[in-house]
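>>> got a predicted model here, sequence first, then my questions.
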Amino acid sequence: MDNLIIKKCLLFLLENALKIFWILPVKKNKLLFISFSGQYSDSPKYIYRALSEKYGKKLEYVWVLKAGSREKELNLCKKVLPHSMAYVKEFATAKLIVTNDYLNTYIPVRKKQFVLNTWHGGSPLKTVGMVNENTSEYDRYFFQKHGKKYNAYISSSEFMTKEVFRKSFGYKGEIIRCGLPRNALLFKEHSAAEERVRNYFQLPEDQSYGIVLYAPTFRGSFQQGGFLPESQQFSVSECLKALEERFGKKFFFMFRAHHTVNCDFGNSLCLRATDYPDMQELMCAADILLTDYSSCMGDMCLMEKPVFLYTPDLENYISDRGFYWDIFSLPFPVAETPKELYRAIRNFEEETYKKGIKEYLQRLGTYENAQSIEIITERIEKELALNKTEKEKN
């Protein structure tokens, strides 16, 4: 309890100290974008693209990016480092803040600002927030504070609305039921995205070659995420052999680590996809997804592409994190050993799988659709009064 009191006091002091920046006015046309504390990615990226294409220099855009980020699309933007004084200043003066994760708890939000949280997980399996019995007092304090920071969340499904935002986060504010902007691409013709991926990795355009993407989530704490020990990893060559036998073509194997994990799969047959700037484009290009407990399974299945779950630490992971769903009730084949994985691939039944996906999306109550970007853009335009005349604005 003493540590909790100290944390609360430090946060209170820092939060109020940073209100010194409130002497600066909020700029009605300034937008601040934050994705995973310093990336150009996810739904904030797609919202920025739509707004910048429509309004150009009529709006002022600021992106929070880690050092070394070089994005050609951001030539209209000011860029600031996360946790810097420049970041705090830009945050304090932006009318609209778009984030896909928790904001820094110490950052104060003004009444004149509108904070939109797109969230980064659309089809949750592992629990988050306050649903676990061992939720700490600090976690409850954390979610209580964060519930007041956001003016709206974007939701991908009825399940996310009720079970995650309302119940797990205890959030009582506005929820925009439009689907994730990043996933609009998955419903549209995306040959250009596929071509970008193949060009990036210098892969042949010949469709007789497939792509399998392995994108596991992290283990341990969010701050110090880890990966499976070598003893629990499967053989890439055996996996590729099984895929070739089942789907009748050769595959390139890509590995993409979770954004909190700095690691490689450690195999010469792997293409490192961790640094590729867009997960949705990777899924557009990939024929197959391998994951474990990551919500990317729900994104990939929107295109009805095969998803396999490799979960050698299933029992420990359930004990550590807990699940919203029985993992074996999902339409995705589950394998707890390498041999089970190879067998699941070889025995994959496409029609049964597609039927299972439809049932799964119905259970979720999905909102995902091709117009999510247009819907959220209209909501932002309304908040910024972009469609009003000068007389109406005044």
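Ah, there it is. Numbering: from 1, shown residues only.
>>> for the spatially most central residue of the chain, what are its contacts?
Residue closest to the average C-alpha location in the chain (C-alpha atoms, centre = their mean): residue 120, at 2.8 Å. Residues near residue 120 by C-beta atoms under 8 Å, 6 or more residues apart in numbering: 36, 42-43, 100-101. Just so you know, the C-beta spots here come from the backbone N, C-alpha and C atoms, and that holds for glycine as well.
>>> nearest to residue 187, of those?
Within the contacts of residue 120, the smallest distance to residue 187 is 14.5 Å, found for residue 43 (C-beta to C-beta).
>>> what is the neighbour count of that closest one?
Per other C-beta atoms under 10 Å, the neighbour tally for residue 43 reads 30.
>>> quick check on the closest residue to residue 205 other than its chain neighbours: phi, psi?
Nearest residue to residue 205, sequence neighbours excluded (C-beta to C-beta, 6 or more residues apart in numbering): residue 198, at 6.0 Å. Here is the backbone geometry of residue 198 (degrees, to the nearest 10): phi -70, psi -40.
>>> quick one: residue 198 and residue 204 touch, right?
Yes. Contact criterion C-beta atoms under 8 Å: residue 198 and residue 204 qualify, at 7.5 Å.
>>> those two - which one has more neighbours?
Ranked by neighbour count (other C-beta under 10 Å), residue 198 and residue 204 place residue 198 first, with 17 against 9.
>>> pull the contacting residues for that one.
Residue 198 makes contacts with 204-205, 285, as judged by C-beta under 8 Å, 6+ apart.
>>> now, those residues that are in helices?
Among those, the ones falling in helices (DSSP state H) are residue 285.
>>> tell me the least confident of the contacts of residue 198?
Across the set of those, residue 205 stands lowest in pLDDT, at 82.
>>> my read is that residue 112 contacts residue 95, right?
Yes. Using C-beta under 8 Å, residue 112 is in contact with residue 95, at 7.2 Å.
>>> so for those two, which residue has more residues nearby?
residue 95 (20 against 10).
>>> assumed residue 79 was part of a strand.
Yes. With DSSP: H, G, I helix; E, B strand; the rest coil as the criterion, residue 79 is located in a strand.
>>> any idea what it is bridged to?
Per DSSP bridges, the residues bridged to residue 79 are residue 63.
>>> the strands in this protein, which residues?
Here the chain has its strands, by DSSP state E, at 27-34, 60-64, 77-80, 94-99, 114-117, 152-155, 174-177, 209-214, 250-255, 270-272, 288-291, 307-310, 334-335.
>>> hey, least reliable of those by pLDDT?
Out of the strands of the chain, strand 270-272 stands lowest, with a mean of 90 (criterion: mean pLDDT).
>>> tell me where the stretch 151-300 of the chain has helices.
158-159, 191-200, 236-247, 279-285, 296-300 (DSSP state H, counting those that start in this stretch).
>>> enumerate every residue touching residue 142.
Per C-beta under 8 Å, 6+ apart, neighbours of residue 142: residue 105.
>>> sorry, back to before: residue 372 is nearest to which of the strands of the chain?
Nearest to residue 372, of the strands of the chain and by C-beta to C-beta, is strand 152-155 at 7.9 Å.
>>> how about residue 104, nearest residue that isn't a chain neighbour?
Nearest to residue 104 is residue 83, by C-beta to C-beta, 6+ apart, at 7.2 Å.
>>> what of residue 195?
residue 205 (7.4 Å).
>>> likewise for residue 40?
In this structure, residue 40 finds its nearest non-sequential neighbour in residue 71, 4.7 Å apart by C-beta to C-beta, 6+ apart.
>>> and the one you found, how far from residue 35?
To residue 35, residue 71 is 11 Å away according to C-beta to C-beta, to the nearest Å.
>>> kindly report the same for residue 43.
Noted for residue 43: a distance of 8 Å to residue 35, by C-beta to C-beta.
>>> overlap in contacts, those two.
Listed as contacting both residue 43 and residue 35 by C-beta under 8 Å, 6+ apart are residue 100.
>>> quick one: contacts of stretch 295-308?
So stretch 295-308 is contacted by 121-125, 156, 180, 182-183, 186-187, 215, 279-280, 283-284, 286-291, 309, 330-333, 335, 341, 344-345, 348, 350, 353-354, 357, 360-361, 364, 368 (C-beta under 8 Å, 6+ apart).
>>> ok, residue 40 - contacts?
The contact partners of residue 40, taken as C-beta under 8 Å, 6+ apart, are 63, 65, 69, 71, 73-74, 277.
>>> sorry, back to before: would you list the phi and psi of the residue nearest to residue 104?
Torsion angles, degrees, to the nearest 10, at residue 83: phi 70, psi 10.
>>> offset the numbering so it begins at 47, please.
Sounds good: first residue 47 from here, last item residue 129.
>>> quick revisit: tally of neighbours for the residue nearest to residue 241?
By other C-beta under 10 Å, 9 other residues sit near residue 251.
>>> how about it, phi and psi?
Here residue 251 shows phi and psi, under degrees, to the nearest 10, equal to phi -80, psi -10.
>>> do I have it right that it meets residue 242?
No. Counting by C-beta under 8 Å, residue 251 stays clear of residue 242, with 11.9 Å between them.
>>> one step back: can you tell me which of the helices of the stretch 197-346 of the chain is most buried?
Neighbour counts (mean count of other C-beta atoms under 10 Å) averaged over each of these peak at helix 342-346, with a mean of 25.
>>> how about low-confidence regions in the stretch 247-396 of the chain?
Residue ranges of the stretch 247-396 of the chain with pLDDT under 70: 264-273, 304-314.
>>> how about 80 then?
Counting by pLDDT under 80, the ranges of the stretch 247-396 of the chain that qualify are 252-253, 264-276, 304-314.
>>> swap in the stretch 47-196 of the chain?
Counting by pLDDT under 80, the stretch 47-196 of the chain contains low-confidence ranges at 47-48, 115-116, 118, 178-180.
>>> can you give me the helices in it?
Counting by DSSP H, counting those that start in this stretch, the stretch 47-196 of the chain has helices at residues 48-63, 88-101, 131-139, 183-192.
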